[in-house]
Structure formats: structure tokens, C-alpha cells
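In: need the 3D shape of this:
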Amino acid sequence: MNTEDTQVTDTHHLHADNSDDEIFVEETLVTTEEPHKEAEETFADFNVRADIVESLADAGIIHPFPIQAMTLSIALGGHDIIGQAKTGTGKTLGFGIPALQRVVAPKDDGYDRLPVPGAPQALIVVPTRELAVQVAGDLTTAAKKRHARIVTIYGGRAYEPQIEALKNGTEIVVGTPGRLIDLYRQKLLSLANVKLVVLDEADEMLDLGFLPDVETLIAGTPAVRQTMLFSATMPGPVVAMARRYMTQPTHIRAADPEDEGITKKDIRQVIYRAHNLDKAEVVARILQSRGRGRTIIFTKTKRTAAKLSEELIDRGFAAGAIHGDLGQGAREQALRAFRGDKIDVLVATEVAARGIDVEDITHVINYQCPEDEKAYLHRVGRTGRAGKKGTAVTFVDWDDMPRWGLINKALGLNAAEPVETYSSSPHLYEELDIPEGTKGRLPRDKRTLAGINAETLEDLGETGKKHRAAPESHGSGRGRGAERSGSGDRSRSGDRSRSSDQRDSPRSGENSGNRRRRSGGSAGESGASRPSTASSPASGADNAPAADRPRRSRSRTRSRNGEVVNKPATGAEG
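Out: As a prediction, this is how the structure comes out:
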């Protein structure tokens, strides 16, 4: 193998952040200083099966990325791996190819001699539904001529098709912890024949509270197996888990010498101090900048994501939303439309967007200031991938200045005092290359994309649907009741900012000001939830749910002696 000149191998103790846990590992540092050397190698150079190489070649995938090359050389030998790399480095095939190569498929010699033919032989655990779909898709591409069966298991979909797929037999299971643990405890998912376990985005699973379920799943697999763990950071609980369940792992770190500090040099970062009432107008003008391609806009709350998506559609943009109040069918519809160029703007909450890996993201907009530097890096890292340039714009409100000060200091961004910016500010046009005279609505002759309604909305037989008091429209589909469900498996991986979501009024979003809600209470009040309506969040009283309208009819009450009498209603009742 033709390794890079900057590769470093060393044996050391891997320490967790703020933890005494340590594990002996052999470390391999991978850099991309001379990518042209890696370009000379193909997947066939790593003794990858010919049918996998052919399947990848048919999809135009010939040369492995550095993290893939280093992972393959170790993983194909059956060794345990701790892979530490930023998202978007291409590690999926690094663990996916060894999984496909190691399993015994129905057409392989020896399949009938397996202890339990059709039982899962490889388990890949990921933190979010979107990442599960993406990983399974990449593996399906690589397995096109391999004929290994891959089943995706995650929440929000009906149980029955997933259970049926497991009963029909599979070689590789890709899933999220919540639904996997449900099926495992019901004895519908057998792990007794698993010989390879992959934990992807382990630190994200820790953040979402899934680590106990993950450990339960690992404990259900045979003691003798290959384990690969991938994580952008190595917090204490992740290292402790590696120490318990891995055997002499090799630690692979993917580093880029062109990185400036912590954030990538390929990402241009612009920070503005913006006012809530003007943010949507600013965004509408940024979306008309020269060279702008696919764009992800991050919000803190589900309500803000829904409202902003609606407003951008009203302004003529092909936009869609992904957030925890949407059903899984609507979320997958938005992702397919985004990947398929039917929309080019995706508005998403951070948790819902975990695991979204879409190529050619030219712009990322932080509509609301991230909570901390980790959230900032996660959001900004959606752009500037695979050597391409990207632009990240962050809005910092006046109330967010203390939080932004901590993020700026931690990352060394030299932007302690963001420039006060409005939609009419000349520097906005100059810095982001917005054509002079651009207004806040997309001209009709530039509305060329089909929109989200051009993508099919699948009926997934969804579980865990929730009825909300406030209607949430999705994409351009105003007028049809949007699907709703918790965003996580068993309501655990959903948007964790529920309290802030409830503070966002569904009618006025984050610009609620001093407006008062109509009688009928907020979405967070106890009691029976009101049915959703097909009106947009900004609709007036005529379209309000019945529970919000003043009562004009006569009501019946029962007198002390049990006699029913009528009396006129006195108006709206709180």
C-alpha cells in the first residue's frame, strides 16, 4: 500500500476528556496533505471483493478517501478500530466495506452451514434516523452485486415491515438505538450471530442519551467479535465503553493540515448581529447571492423552523423543513427533495439535522445562535466538504452576545463584536456577493425548482404521532395537515429544546413580542389536545381551531335539582 509521507504510528494511552479512563491503543494519524497519492489507489488495491469494487465503480466511486484507505487496511484484517474524524470525511465505506466483505450472503459458499442462516451477522448502530437511511443507502450501493441483504431499523416507521424483513433474513442491520433495543427486548432481533459491530457517531449517541441502550445491544452480541467505534470527540463515557468492549483497538485520527485551528479553512465564516424582525428578510437576500447552491438553515426550535420554511416558500424559494413535529414520512420527503434538487433550501433544527450528509452544500445559515462551540462546529461542518469552498453565516441577537462570546473565545474566531447588520446594509451585499438591487422575494423567472410537493409523501404507517394545537406546514404543502411525530425513537432522540419550542408562539414564531394568545391555552397546557388544522401558522381567527373561537351558541347546564336548563353563553371562555 502506498501510504502518505505524513502518516504517523504510535502506541499510547487514549485518555477521555476530564476522565481517568484510559485504553491502550495503537494510533495512526491520517492527513490529507498529499491527496494526489491516494488518488492513485483504488479499492481493489486493498483486497476488497471484486463484486464490491464493481458495484462502487458503477456508482462512480473508484478511489478511497484517506480515512477509508487507513480504515480498510486495518478493518479487513479483523482488528478493532477507534476512528476519530469530523463528519463528512467518508468513513461510512471505511466500515461498510469490511461489513459487506465479512458477512456470508445467500449466494456465497457456506451460507447453508451458518449456525442460523438469515440471522444478522453485522450490526451498525447510528444516533439518528437520517443517518441510518444514509448509511444503509451507501451500503446498498456497495452491495449491488454482492447480494448481501441490508435492513434499516429506526423509529417513526411501522414495526411490521421491519419485523417482516428480519424474519425474511438479513446479513446486515443498520439502525438507531431506540427501535433496535425495542425489537431486541421483544426477541424479534437476534444478535447471537453478530460477528461485527459498528458504532457510528458515538459522541452524538452519548449526547442523545442512548449509550445505555448501545451497551445493552453490544452485550447481546458474542464476546468474540470485531468492533469499530467512530466518534468526532472522545468524551469519558465513550472511552470507558471502548475500554469495556474492545480488544487492543487501533486509533485512527483523520487530520487536515489545512485546518485553521478547529474550524476548516475552506469555510468562510461571517457573523452578524441581526434583529429578529429583519432576519427573514436578510436570509431571503442571502439566498440570492451569486453562486449559492444547496443551503441548510439551522434553527433552535421546531416552531421557528416551520415558520421560517413557510415564509421562504411565500417569498418564492423552494424550501422544506425537517424538525421533530413532522412525521417520518414528511422528513424523508424533505430529504429526498433536497437531494433530488427539487428544493435547494432546507430549514432544520440541529437534532433533526444530525446525520444529514448531502453533497455540495454551499451555504449554512445559523438563523439563531448555537448553544455552544460544539453545536457551532456541527452546523458549520455541513459545508466546505471534500475540498470544496463553503460559506457559513451566523446571526447573533443582542440577547445572545454572552453565549456568542464564549463560542468565539473557544474557537478563536476573532469576532467578539459582530457587525450590526440589516437587510439594507451595504456590507451585507458586498461580503456575500449579493447582486445590487436584490429584494426579499425571489423573482418569478428564477423560480425554476419543482418544490417539495413534487416529491412523493410516503405513508409509512408511522408510530408515535402527536396532535399539536398549532398546525405545522411542511414545505410548500400548505393546506394539507402536516404529519407529526416525535423525532426520536421512543421520543428520546427528538428535539431536546422542548421548553424553548413551547415559548415560540406558533403564530408569530420568535417575533411574538407582546402579542397575546387567543383563549384556549398554549400547546403545552394540560388536557386533551386540539386537532390540527390545515391552515398556515399565520392564519387569522376565521381559520382558528374551534376551541379558540368565541362561543356564541347557547350552552346547557344542570340545575341543583338535576333539571337541564338553557342559558345564553357570555362569550369566549378561558
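
In: which SSE is Gln162 in?
Out: helix 159-168 (DSSP states H and E).

In: give me the buried positions along that helix.
Out: 159, 162, 165-166 (16 or more other C-beta atoms under 10 Å). In this view, the C-beta of every residue, glycine as well, is placed from N, C-alpha and C.

In: what's the neighbour count on Asp357?
Out: Neighbours of Asp357 under the rule other C-beta atoms under 10 Å: 17.

In: Arg49 now?
Out: Neighbour tally, Arg49, other C-beta under 10 Å: 17.

In: and Glu420, by the same measure?
Out: There are 11 residues near Glu420, going by other C-beta under 10 Å.

In: for it, what are its contacts?
Out: Counting by C-beta atoms under 8 Å, 6 or more residues apart in numbering, Glu420 touches 272-273.

In: bridge partners for it, pull those for me.
Out: Counting by DSSP bridges, Glu420 forms beta bridges with Arg273.

In: quick one: pLDDT of it?
Out: Note on Glu420: pLDDT of 96.

In: related to what we said a few turns ago, which one among the buried residues of helix 159-168 gets closest to Leu413?
Out: Nearest to Leu413 among these: Gln162, at 43.8 Å, using C-beta to C-beta.

In: grab the nearest non-local neighbour of that closest one.
Out: What sits nearest to Gln162 in space, not counting adjacent residues and going by C-beta to C-beta, 6 or more residues apart in numbering, is Ile153, at 5.3 Å.

In: which residues does that neighbour contact?
Out: 132, 162, 166, 173-176, 179-180, 183, 189.

In: least trustworthy helix or strand in this structure by mean pLDDT?
Out: Ranking every helix and strand in the chain by mean pLDDT, DSSP states H and E puts helix 498-503 at the bottom, with a mean of 38.

In: torsion angles phi and psi at the closest residue to Pro249 other than its chain neighbours?
Out: Excluding the flanking residues, the one nearest Pro249 by C-beta to C-beta, 6+ apart is Asp80, at 3.9 Å. With angles defined as degrees, to the nearest 10, Asp80 sits at phi -70, psi 150.

In: cool, the one 3 residues further on as well?
Out: Summarising the backbone geometry of Gly83 under the convention degrees, to the nearest 10, its torsions are phi -100, psi 120.

In: flag the shaky bits of the protein, pLDDT-wise.
Out: For the chain, the stretches flagged by pLDDT under 70 are 1-39, 86-88, 255-264, 351-355, 386, 462-574.

In: 50 instead?
Out: 1-9, 11, 18-21, 31-39, 257-261, 466-574 (pLDDT under 50).

In: grab the nearest non-local neighbour of Pro120.
Out: Val173 (4.6 Å).

In: correct me, but the one you found touches Leu123?
Out: Yes - checked against C-beta atoms under 8 Å, the pair Val173 and Leu123 is within contact range at 5.3 Å.

In: find residues that contact each of the two.
Out: Joint contacts of Val173 and Leu123 (C-beta under 8 Å, 6+ apart) are Leu180.

In: quick one: Gly94 from Phe43, how far?
Out: 11 Å (C-beta to C-beta, to the nearest Å).

In: between the two, who's got more neighbours?
Out: Gly94 (28 against 24).

In: what about the nearest residue to Arg315 once chain neighbours are set aside, which SS state?
Out: Leaving aside its chain neighbours, Arg315 sits nearest to Arg441 (4.7 Å; criterion: C-beta to C-beta, 6+ apart). Three-state assignment for Arg441 (DSSP: H, G, I helix; E, B strand; the rest coil): coil.

In: burial measure for Arg441, as a count.
Out: 15.

In: check contacts around it.
Out: 284, 315-316.

In: same question, Trp404
Out: 271, 369, 396, 418.

In: surely the residue nearest to Pro120 is within a helix?
Out: No - with three-state DSSP as the criterion, Val173 is strand rather than part of a helix.

In: can you give me how far stretch 232-252 is from the chain middle?
Out: Centroid displacement of stretch 232-252 relative to its chain, using C-alpha atoms, centre = their mean, to the nearest Å, is 23 Å.
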